[in-house]
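1. What follows is a predicted structure for the sequence shown.
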Amino acid sequence: MRIRSVFSHSAQAVAEGALISLLVVGLMAGSAFAAKGGVGGGGGKHGGASTGAGTLALVMVKDANGNGAPDYGDAVTFNVAATVTYPWVHLACDQNGTSVFGQDIGFYAGYPWSQVATLTSYKWPGGAAACTARLYDSSTDTTLKTISFDVGV
């Protein structure tokens, strides 16, 4: 009886160790994918020559003061047209040369998250900023189109 109990306990310990290992690997992989973008981030490489193989236009989603222009706290998205399978937009905003916002958004069928960016972040306490939106092919990191716009107070 005691041997069966030891073997049972050992099997449970091995199973628990395997589960913990899988969770750790999953968290590490998730962190690597999350480094690609997110509020205040915007990691990943951003190079490549502009090919002009796409169109990119800013669209207001939430315009709190109704002025038709992006301001701090407003929400925006983009009209995107591209001939690539997985077009993405990297949105980056700076205040006086300091990065205060960064977000990558996929613009392809089946993209599971919101395609709306709210112009705030923990690094951006408020105020005006200069923003750049870069449409790129995620498989080659080739820039397809870039636009710049100012965010008001």
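-> It's in. Numbers count the residues shown, from 1 in each chain.
2. pLDDT below threshold where in this structure?
-> Within the chain, the stretches with pLDDT under 70 are 1-52.
3. what do you get if the cut-off is 50, keeping everything else the same?
-> Within the chain, the set of residues satisfying pLDDT under 50 comprises 6, 14-15, 17-50.
4. Which stretches in it count as strands?
-> 54-62, 75-82, 87-95, 98-106, 117-118, 129-137, 142-151 (DSSP state E).
5. residue contacts, the residue nearest to G127 when sequence neighbours are not counted?
-> Among residues not flanking G127 along the chain, V153 sits closest, at 5.7 Å (Cβ to Cβ, 6 or more residues apart in numbering). All C-beta spots, glycine's among them, are computed from the backbone N, C-alpha and C. By Cβ atoms under 8 Å, 6 or more residues apart in numbering, the contact set of V153 is D71, Y72, G126, G127, A128.
6. hang on, the fourth one packs against D94?
-> No - in this structure, G127 is not within contact of D94 by Cβ atoms under 8 Å, at 11.6 Å.
7. okay, those two: which has more neighbours?
-> Under the neighbour definition other Cβ atoms under 10 Å, G127 and D94 were set side by side, and D94 has more, 15 against 12.
8. these two touch, right, that one and V100?
-> Yes - counting by Cβ under 8 Å, D94 does reach V100; the two are 6.4 Å apart.
9. Need the residues touching each of the two.
-> By Cβ under 8 Å, 6+ apart, D94 and V100 have these common neighbours: A129.
10. Outline the domain layout of this structure.
-> With domains defined by automatic domain parsing, the chain comprises 1-34, 54-151.
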